[in-house]
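K.L.:
based on what follows, work out the 3D shape:
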Amino acid sequence: MKLAFCLFKYFPFGGLQRDFLRIALACRDRGHEIGVFVMKWEGDIPDAFKIDLVPVQKLTNHGNCAAFARSLKQKDLDKYDVVVGFNKMPGLDIYFAADSCYQTRFQEARTMFPRFGFRFRTYVSLEKAVFSPVSKTHILILSQKVKRNYVDAYGTPEERFSLLPPGIDLTAFDWRERISVRKQVREEFGLGETFLLLMVGSAFRTKGVDRSIAAVASLPAGLRGKTRLFVIGQGNQRPLIRMAAKLGIESRIRFLGGREDVPRFLLAADLLLHPSRNETYGMTLLEAMAAGLPVLATDNCGFAGHVEKAGAGLLIPSPFVQKTMNQMLAEALFSSEKNRWRENGLAFIAKSDISSLPQKAADIIENFTPLGRAGMKLLSRNTARRIIGLPA
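P.N.:
Numbering: from 1, shown residues only. All right, here's what the predicted structure looks like:
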C-alpha cells in the first residue's frame, strides 16, 4: 500500500512526532510505501521515507496551519491508498488524536472573547473537519475521556473511533541497570547524592516548568540545597532561567534540550515532575513507571489515572494551586513511600499492555477502506468549505 502521513512539523523530541514516527516505521516495516507531508522536518529522515515539504509563510501559527491544510488540497493525495493525519485538517482518512479537544478547552476556560478571533475559528474549523458528523475520518484515540469530549462537542458517531493502548518502548528501560545508570549520570553531572527531579517534554509552559521551578524554590533551605531539577525538551528557556534567577535557584535548574537518551535520566532520577496545564495523555508518566521512577503530576493528565491506579506517586488536584504542589513536592521527597511507589509502578507496567500502539495502529491502517476523499471530491470548493467551516 501507499500511505500518506500528514503533520504540521516533525522534530525528534515531541510526543506527537514520536507517535507518528513509530506508527510510520511499523507500516514501513510491513512493506508499505511511506510519504510524509510536513511544513518542516528536523532531524534524520528514516530509510524509504519520502518527505514532501509544504511551504507556508504566514505570520501566525494558526495561519500556517490553515494554509498547510489548504495546500494539501493541491497535492496528489489520490495516489495514496490511505491518508493519515497527526494534526487536525480536512481530507484525512484516519486521524491519530494526539491533541485534546480545542472546543472543550475553551469551554472549560469560561471565556467568550477568543471565540470572536480568527485563531479560535481556525482551530475549531480544522477540528470540525475531522470530528463533524458529516466527516468520514476514522479516529484513533488513547483515552475514553478524550473521546467523550470530542463526542460531546461535535456529536461524532461512536463507531468512528478506535481505542488504542499506549505506545511505550519497553526495550528502552532495564530496571536491573538502574544502579549503574544512576551512578553514571550523577558522575557525569557532578550531582553527588542530591535529589534529582526530572521533567520531560517540549512546550515548557504547557508542561508547567514554571510551576516546578516555583515548587523547588519553596523547599526548606536545607532540602533545596540538596535538590536539582533537570528539564529535557525543546522550548523557550530564557523566561524560565530569569524566573529561577529571581528566585535565587538558577544554579539548581538545568535545561538539557532535546535528547535521545531520556531513558537514562528516567532511570537515574528520584522523582518525575509533570504539573502540566493541559495534557491529552502524558506518555512520560508511563515511561517513568516503566523506569521505576515515582511521579508527581497534575490530575488532569490523560494518563494520570494509571499513576493513581498503580499507586506510583502523587497527583496534584485540580484546580491547580501552587501552594499545594509546593507542599506535595516536599512530602514526596521526604516520603518513606518512594520505594513502594517505585515497585508499584513496575508491577503495573509488567501486567499492562502499554507498548502495542504502533502495531495496532498499523493493523487499522492496513485494513482501512477509504471513503472520505472520494466523497469530498464530488463537492464544490464552496460546499466543502461550508460543511467543515474552514476559513479562506
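
K.L.:
in terms of secondary structure, what does the helix or strand harbouring residue 21 contact?
P.N.:
Per DSSP states H and E, residue 21 falls inside helix 15-29. In this structure, helix 15-29 makes packing contacts with strand 2-6, strand 9-10, strand 33-38, strand 94-96, helix 283-290, helix 357-366, judged by 3 or more Cβ pairs under 8 Å, 6 or more residues apart in numbering; DSSP states H and E. Where you see a C-beta, it was placed from the backbone N, CA and C, and this is true even at glycine.

K.L.:
give me whichever of the ones you listed is most buried.
P.N.:
Mean neighbours per residue, mean count of other Cβ atoms under 10 Å, is largest over the helices and strands packed on helix 15-29 for helix 283-290, with a mean of 28.

K.L.:
export the helix or strand just after that one as PDB, just CAs?
P.N.:
Remark: after helix 283-290, the chain's next helix or strand is strand 295-298, criterion DSSP H and E. Extracted in PDB, the C-alpha atoms of strand 295-298 (Å, rounded to 0.1, in the frame of the first residue of the first chain):
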ATOM      1  CA  VAL A 295       5.600  10.500  39.800                       C
ATOM      2  CA  LEU A 296       4.300  13.900  41.000                       C
ATOM      3  CA  ALA A 297       1.800  15.100  38.300                       C
ATOM      4  CA  THR A 298      -1.400  17.100  37.900                       C
END
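
K.L.:
average pLDDT for strand 295-298?
P.N.:
In this model, strand 295-298 has a mean pLDDT of 98.

K.L.:
the helices and strands packed on helix 15-29: which one's closest to residue 178?
P.N.:
helix 283-290 (11.6 Å; Cβ to Cβ).

K.L.:
quick one: the closest one to chain centroid distance?
P.N.:
Relative to its chain's centre, helix 283-290 lies at 12 Å (Cα atoms, centre = their mean, to the nearest Å).

K.L.:
and for stretch 49-68?
P.N.:
Centroid displacement of stretch 49-68 relative to its chain, using Cα atoms, centre = their mean, is 20 Å.

K.L.:
mean confidence score for it?
P.N.:
On average, stretch 49-68 scores 94.

K.L.:
just stretch 173-193 next, same as before
P.N.:
The average pLDDT within stretch 173-193 is 91.

K.L.:
then stretch 72-82?
P.N.:
92.

K.L.:
please point out which parts of it sit buried.
P.N.:
Neighbour counts over stretch 72-82 (16 or more other Cβ atoms under 10 Å) mark 72, 75, 77, 80-82 as buried.

K.L.:
that one: end-to-end distance?
P.N.:
End-to-end distance for stretch 72-82, by Cα to Cα, to the nearest Å: 14 Å.

K.L.:
what lies in contact with the helix holding residue 21?
P.N.:
For helix 15-29, the surrounding residues in contact (Cβ atoms under 8 Å, 6 or more residues apart in numbering) are 3, 5, 7, 9-12, 34, 36, 46, 48-49, 84, 86-87, 96, 98-99, 167, 169, 201-202, 281, 283-284, 357-359, 361-362, 365-366.

K.L.:
for that helix, list the C-alpha coordinates in PDB.
P.N.:
What follows is helix 15-29, C-alpha atoms only, in PDB (Å, rounded to 0.1, in the frame of the first residue of the first chain):
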ATOM      1  CA  GLY A  15       5.300  13.300  21.800                       C
ATOM      2  CA  LEU A  16       3.000  13.600  18.800                       C
ATOM      3  CA  GLN A  17       6.100  13.300  16.500                       C
ATOM      4  CA  ARG A  18       7.300  10.200  18.300                       C
ATOM      5  CA  ASP A  19       4.000   8.500  17.900                       C
ATOM      6  CA  PHE A  20       3.900   9.400  14.200                       C
ATOM      7  CA  LEU A  21       7.400   8.000  13.700                       C
ATOM      8  CA  ARG A  22       6.800   4.700  15.400                       C
ATOM      9  CA  ILE A  23       3.500   4.100  13.600                       C
ATOM     10  CA  ALA A  24       5.000   5.100  10.200                       C
ATOM     11  CA  LEU A  25       8.000   2.800  10.800                       C
ATOM     12  CA  ALA A  26       5.700  -0.100  11.800                       C
ATOM     13  CA  CYS A  27       3.900   0.400   8.400                       C
ATOM     14  CA  ARG A  28       7.200   0.700   6.500                       C
ATOM     15  CA  ASP A  29       8.500  -2.500   8.100                       C
END
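
K.L.:
which of the residues in it are buried?
P.N.:
Neighbour counts over helix 15-29 (16+ other Cβ under 10 Å) mark 15-28 as buried.

K.L.:
any idea of the angle it forms with helix 283-290?
P.N.:
With axes from the mean of the first three to the mean of the last three Cα atoms, to 10 degrees applied, the angle from helix 15-29 to helix 283-290 works out at 80 degrees.

K.L.:
now the closest residue to residue 44 other than its chain neighbours: which helix or strand?
P.N.:
Closest residue in space to residue 44, ignoring its immediate chain neighbours: residue 12 at 8.0 Å, by Cβ to Cβ, 6 or more residues apart in numbering. Here residue 12 is covered by no helix or strand, with elements defined by DSSP H and E.

K.L.:
my read: residue 12 touches residue 258, true?
P.N.:
Yes - with contact defined as Cβ atoms under 8 Å, residue 12 reaches residue 258; the gap is 6.2 Å.
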